[in-house]
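Engineer: A structural model of the following input is requested.
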Amino acid sequence: MFKNLLPKEEKYFEDFKSMISLIEEMAVHTEKIFQFEDQQAHILKMKPLEVRCDEIAYKITKRLNKSFITPFDREDIFALVKRLDAISDMLLGATVRVDTFHIEKKIEYADKIALIIHGQIKELGVAIQDLKVKRINELKAVKALEVEADIVYQQAIKELFEKEKDAIELIKKREILDLLERTSDKCQSTANVILSIFIKNS
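Structural biologist: Here you go, the predicted model:
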């Protein structure tokens, strides 16, 4: 049971909480960017947050390599860190492309997918804030939101190919939409890791 594991390595739990908090902050900025609300200001805030996630991920990995005792399987710790870090990387990647590609108008449906991703990250945050409590409902919500994101993504791509006549603009927008959709998938993958941790430590 988790209560028997707690005294061993509380630092892991605190680091996971810090990472998901930073990622949720990135998700807030991502929403604003794709709503085109002062997007440049929000884009500038993304990289420092992603760097802090990288630093925590490095710290966890370094500790993991030196620890004999871990609160749960070290493979699961590594998998969770890797997926959380990937979410932060993907959010940064999707948002900086708005600037890199000189996107000057809203990409249809991108804001809706960003909103769904933010919802997924909130649910992951609840589960990660207290890994000792099996937040199964929150993990189910992450999956339901991933399904919703897929539906919105498919509609976005359909309309993009119907309406966008500029081939270069189509490629730019498609790449951003693809990256947002993969971010939603990565949130679901993260939920699967957490579920695995719950099952192994029940």
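
Engineer: use CA for all of it now, contacts and neighbours both
Structural biologist: Fine.

Engineer: what mean pLDDT does the helix or strand hosting A57 get?
Structural biologist: A57 belongs to helix 39-66 when elements are defined using DSSP states H and E. Across helix 39-66, the average pLDDT comes to 94.

Engineer: go through that helix and flag the buried ones.
Structural biologist: By neighbour count on 16 or more other Cα atoms under 10 Å, the buried set for helix 39-66 is 39, 42-43, 46-47, 49-50, 52-54, 56-57, 60-61, 64.

Engineer: which residues in this protein form helices?
Structural biologist: Remark: helices assigned in the chain by DSSP state H are 2-5, 10-34, 39-66, 74-100, 110-129, 136-163, 167-200.

Engineer: comparing those, which comes out most buried?
Structural biologist: helix 110-129 (a mean of 23; mean count of other Cα atoms under 10 Å).

Engineer: show me what it is packed against.
Structural biologist: helix 10-34, helix 136-163, helix 167-200 (3 or more Cα pairs under 8 Å, 6 or more residues apart in numbering; DSSP states H and E).

Engineer: what about V126, distance to E104?
Structural biologist: 35 Å (Cα to Cα, to the nearest Å).

Engineer: low-confidence stretches in the protein?
Structural biologist: For the chain, the stretches with pLDDT under 70 are 1-9, 68, 132, 202.

Engineer: let's see 80
Structural biologist: Scanning the chain for pLDDT under 80 picks out the ranges 1-10, 67-72, 130-135, 201-202.

Engineer: which residue is nearest the middle of it?
Structural biologist: I87 (3.4 Å; Cα atoms, centre = their mean).
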